[in-house]
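Undergrad: Got a predicted structure here, sequence first:
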Amino acid sequence: MEYREIEAETLEDAKFKIKKEFGDRARIIKIIESSKGGFFGLGSKKNVKVLISISDVDLLKKYKENLGIHKIKTDPELSFVKESSINNSAENFLSLSVIMDKLNCIESQIGSSPNENKEEKEHDNLIEVKDILKENEFSDDFIDSVISSIKENLSYTKIDNKGEVHRFVYDFIKKEISIYDERKTPKEKRAIVLVGPTGVGKTTTIAKIAANAIREKLKVELITIDGFRIGAKYQLEKYAEYMRTPVSGVEDNMELQKIIDLSDADLILIDTIGRSATDDMNLVKMKQMLKISRCRTEFVLTISASTKVKDVERIFKNFNMFDYESIIITKLDESESIGGIVDSAILYKKQIKYITTGQRVPNDIEKATKNNIMAKIKGLELEVYINNV
């Protein structure tokens, strides 16, 4: 990329010069208006300076046009030029041959592999944004899409403004996030099944959801299929006793379906066995056990904010066999960043339903909003948050 400064009396004159010298593909980067001459401002003449950028390919093409070389056919092996093209002048032929050699050298550099080309230096504000997103554990693909969008939608002047770049990134991520809307949930008996890896806090999260549903005057029933962990069943039974709500433990699909059919609850919450995302066989078995009919059933992926970045996408992908539409992000009090989870939720088109921030029941749980998710993304300028609340 080459840069040139064009000076003229008016902007129109400058544009005419640019078009004449560099063609239509030259890009105007900056316009500076000033005055020259005069005495204490009297009699001064206004002039305009225009900073433009031209790609190496376009610059080379324009040089050839200005020299008339684009009309001359050359043989790369013989370095031969028709005498009629250079007015039969030996001197001109020699000069033109030298120029052709130089231009061919430039062309070979332009046509070389990307690794051999000198890359245009990235703007400092874009480098900073990349670092912020990496710190928040967003994937390289997501970061590349953000940077590409900035370049496509912001002018050079706005990219030069740190606040504008931060605002664009904030709005870009916020727009991509999808939030679960409780208002669209039909008013009928429904079951919510929490699935996810071991140790993400499914049992405690079910107790929090149950307690808040009871506050909203809903009749709640709890079911656990996690009979392998005695502690988990005991924990859920203690929560149920405190909330005065029924709780059952089941071991097969028939027993589960029977309890659901006989239940008069508005909301049935089902706690499941924690499974590794790589344990395909047991995940399939659990899916078979959780085949529920005659009740609107919603599967929700529960994932901890402290999950390793390299594991997040695999969890989203492998638990997808349950056709879950929403997620709950737990243990936000134990992690500094949730970019990897937000990234995967966007990639897999999943809605964020709740976030949890501690162990207290029924507290430490919030319905997800775009603002409380964005508040967990660190490093963007403070005024961006203020202006977007």
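TA: Sure thing, it's come through. Numbering: from 1, shown residues only.
Undergrad: Just the CA atoms of the host helix or strand of I127, as PDB, please.
TA: Taking DSSP states H and E as the definition, I127 sits inside helix 124-135. Taking C-alpha atoms only, helix 124-135 is exported to PDB below (Å, rounded to 0.1, in the frame of the first residue of the first chain):
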ATOM      1  CA  ASP A 124      -3.100   0.200  17.000                       C
ATOM      2  CA  ASN A 125      -6.800   0.400  18.000                       C
ATOM      3  CA  LEU A 126      -7.500  -2.800  16.100                       C
ATOM      4  CA  ILE A 127      -4.500  -4.500  17.800                       C
ATOM      5  CA  GLU A 128      -5.900  -3.400  21.200                       C
ATOM      6  CA  VAL A 129      -9.300  -4.800  20.400                       C
ATOM      7  CA  LYS A 130      -7.900  -8.100  19.400                       C
ATOM      8  CA  ASP A 131      -6.000  -8.300  22.700                       C
ATOM      9  CA  ILE A 132      -9.100  -7.400  24.700                       C
ATOM     10  CA  LEU A 133     -11.200 -10.100  23.000                       C
ATOM     11  CA  LYS A 134      -8.400 -12.700  23.500                       C
ATOM     12  CA  GLU A 135      -8.200 -11.800  27.200                       C
END
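Undergrad: who does the host helix or strand of K233 touch, helix- and strand-wise?
TA: Element membership of K233, judged by DSSP H and E, is helix 230-243. Packing contacts for helix 230-243, counted by 3 or more C-beta pairs under 8 Å, 6 or more residues apart in numbering; DSSP states H and E, involve helix 202-215, strand 220-224, strand 247-249. All C-beta spots, glycine's among them, are computed from the backbone N, C-alpha and C.
Undergrad: now the angle from it to helix 202-215?
TA: Taking axes from the mean of the first three to the mean of the last three C-alpha atoms, to 10 degrees, one finds that helix 230-243 is oriented at 10 degrees with respect to helix 202-215.
Undergrad: Report the buried residues of helix 230-243.
TA: Across helix 230-243, burial judged by 16 or more other C-beta atoms under 10 Å covers 232-233, 235-236, 239-240, 243.
Undergrad: which residues sit against that helix?
TA: For helix 230-243, the surrounding residues in contact (C-beta atoms under 8 Å, 6 or more residues apart in numbering) are 203-204, 206-207, 210-211, 214, 220, 222, 224, 226-227, 246-247, 249, 271, 361.
Undergrad: List only buried entries from these.
TA: Among those, those buried by neighbour count (16+ other C-beta under 10 Å) are 203-204, 206-207, 210-211, 214, 220, 222, 224, 226, 246-247, 249, 271, 361.
Undergrad: Just checking, which of those comes out lowest on pLDDT?
TA: Among those, D226 carries the weakest pLDDT, at 69.
Undergrad: where are the low-confidence patches of this protein?
TA: For the chain, the stretches with pLDDT under 70 are 1-3, 35-44, 55-120, 186, 226-232, 277-278, 381-389.
Undergrad: How far does stretch 287-305 sit from its chain's centre?
TA: On the basis of C-alpha atoms, centre = their mean, to the nearest Å, stretch 287-305 sits 28 Å off its chain's mean C-alpha point.
Undergrad: first to last residue in that stretch, what's the distance?
TA: Start-to-end span of stretch 287-305 (C-alpha to C-alpha, to the nearest Å) is 24 Å.
Undergrad: Identify each buried residue in that stretch, please.
TA: Buried residues in stretch 287-305, counted by 16+ other C-beta under 10 Å: 289-290, 292, 297-305.
Undergrad: Point to the residue nearest the middle of the protein.
TA: Nearest to the geometric centre of the chain sits F142, at 4.0 Å (C-alpha atoms, centre = their mean).
Undergrad: Now do whichever strand or helix holds it: which elements does it pack against?
TA: Remark: F142 resides in helix 140-153, with elements defined by DSSP H and E. Judged by 3+ C-beta pairs under 8 Å, 6+ apart, helix 140-153 is in contact with helix 124-135, helix 162-176, helix 339-347.
Undergrad: Which of those helices has the highest mean neighbour count?
TA: helix 339-347 (a mean of 23; mean count of other C-beta atoms under 10 Å).
Undergrad: Can you pull out the residues in contact with stretch 180-191?
TA: So stretch 180-191 is contacted by 260, 263, 265-270, 292, 295-298, 325-326, 351-353, 367-368 (C-beta under 8 Å, 6+ apart).
Undergrad: Looks like V129 contacts I147 (just checking).
TA: Yes. Using C-beta atoms under 8 Å, V129 makes contact with I147 at a distance of 7.1 Å.
Undergrad: residues near the residue lying closest to N320 once chain neighbours are set aside, how many?
TA: Spatially, and ignoring its direct neighbours in sequence, N320 is nearest to Y348 (6.9 Å; C-beta to C-beta, 6 or more residues apart in numbering). Neighbour count for Y348, taken as other C-beta atoms under 10 Å: 15.
Undergrad: Likewise for I365?
TA: By other C-beta under 10 Å, the residues close to I365 number 21.
Undergrad: do the same with the one 10 residues further on
TA: Close neighbours of A375, defined as other C-beta under 10 Å, add up to 11.
Undergrad: Next: E21.
TA: E21, neighbours per other C-beta under 10 Å, totals 14.
Undergrad: Sweet, I'm off.
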